[in-house]
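Engineer: Sequence first, then the predicted structure:
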Amino acid sequence: MSISGTQIVSEVEKFTGDPYVYGATGPSSFDCSGLVQYVLRQLGVSAPRTSEAQWGWVQKITRAQLQPGDLVFAQFPGDNASPGHVGIYTGNGQVLSAEDPALGVGYATLASWGSSIVGYGRVPGSAAGTSSAPSGGLLSLFLPSDVTGMFETAAGLFQKLMWIMNPESWARIIAGVFGFFLLAFGIGFLVAAA
């Protein structure tokens, strides 16, 4: 199911002013990733729960590619995960998110998030901006779908390679392997002691 960025923005704007509650996933209070998940669920898209998982799920884009309906990820002091915050870009340099317990769901500017911004992402299956353009763009008018599909496959492979090359990904892999060996050593120690 393809949704437009305009649909995402229209849906999230319905919740402006609703309370911020850590861990809340709607329908009347939200935390940042709970708001994103709830909004997308209303549009028929199943999104992960946390900002960290949503960051891994989205199609990474640059700031120059940012369109209304795209997600903006940030890391503020005190955030437990990386990235610890997510909002929905609504256009004109504005982000709507559940950020502030005092204000609830509200607007911030990209400028106010500044150097805290980790990156930008497009919801899988969405067409950014105001229209639902067919995937493949202009190439799909001139090339058969099996050829354009080859380019989409190559783009997916490139995204996976970029994930592997990201130092943050390596830190997670190394920490996971170290944790596994530590667990195995602990179990071995307990078995030997018994």
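Structural biologist: Received, thanks.

Engineer: can I see the domain layout of this structure?
Structural biologist: Following automatic domain parsing, the chain resolves into domains at 1-133, 134-194.

Engineer: burial measure for residue 49, as a count.
Structural biologist: 14 (other CB atoms under 10 Å). No exception for glycine: its C-beta is placed from N, CA and C like everyone else's.

Engineer: Is residue 56 part of a helix or strand, or is it coil?
Structural biologist: helix (DSSP: H, G, I helix; E, B strand; the rest coil).

Engineer: go on, residue 37?
Structural biologist: At residue 37, secondary structure determined by three-state DSSP is helix.

Engineer: Look up how far residue 69 lies from residue 121.
Structural biologist: As judged by CB to CB, to the nearest Å, residue 121 and residue 69 stand 11 Å apart.

Engineer: Look at these two and report which has more neighbours.
Structural biologist: residue 69 (28 against 22).

Engineer: Tell me who's in contact with the more buried one.
Structural biologist: Shown in contact with residue 69 (CB atoms under 8 Å, 6 or more residues apart in numbering): 3-9, 88-89, 123, 126, 128-129.

Engineer: Tell me the bridge partners for residue 30.
Structural biologist: On the basis of DSSP bridges, residue 30 is bridged to residue 20, residue 25.

Engineer: just the contacts of residue 69 now: which is nearest residue 116?
Structural biologist: Among those, residue 89 lies closest to residue 116 (CB to CB), at 14.8 Å.

Engineer: In this structure, which helix is the longest?
Structural biologist: Looking across the chain with DSSP state H, the single longest helix is helix 167-193.

Engineer: could you give the mean pLDDT of that helix?
Structural biologist: The pLDDT scores in helix 167-193 average 84.

Engineer: Can you check the pLDDT for the residue nearest to residue 38 when sequence neighbours are not counted?
Structural biologist: Distances taken as CB to CB, 6 or more residues apart in numbering put residue 26 closest to residue 38, at 3.7 Å, once the chain neighbours are dropped. We have a pLDDT of 91 for residue 26.

Engineer: ditto for the one 5 residues further on
Structural biologist: Turning to residue 31, the model gives it a pLDDT of 95.

Engineer: now the strands: where do they sit in this structure?
Structural biologist: Taking DSSP state E to define them, one finds strands in the chain at 3-4, 59-61, 71-74, 85-91, 94-100, 104-109, 117-122, 126-127.

Engineer: Lovely, talk soon.
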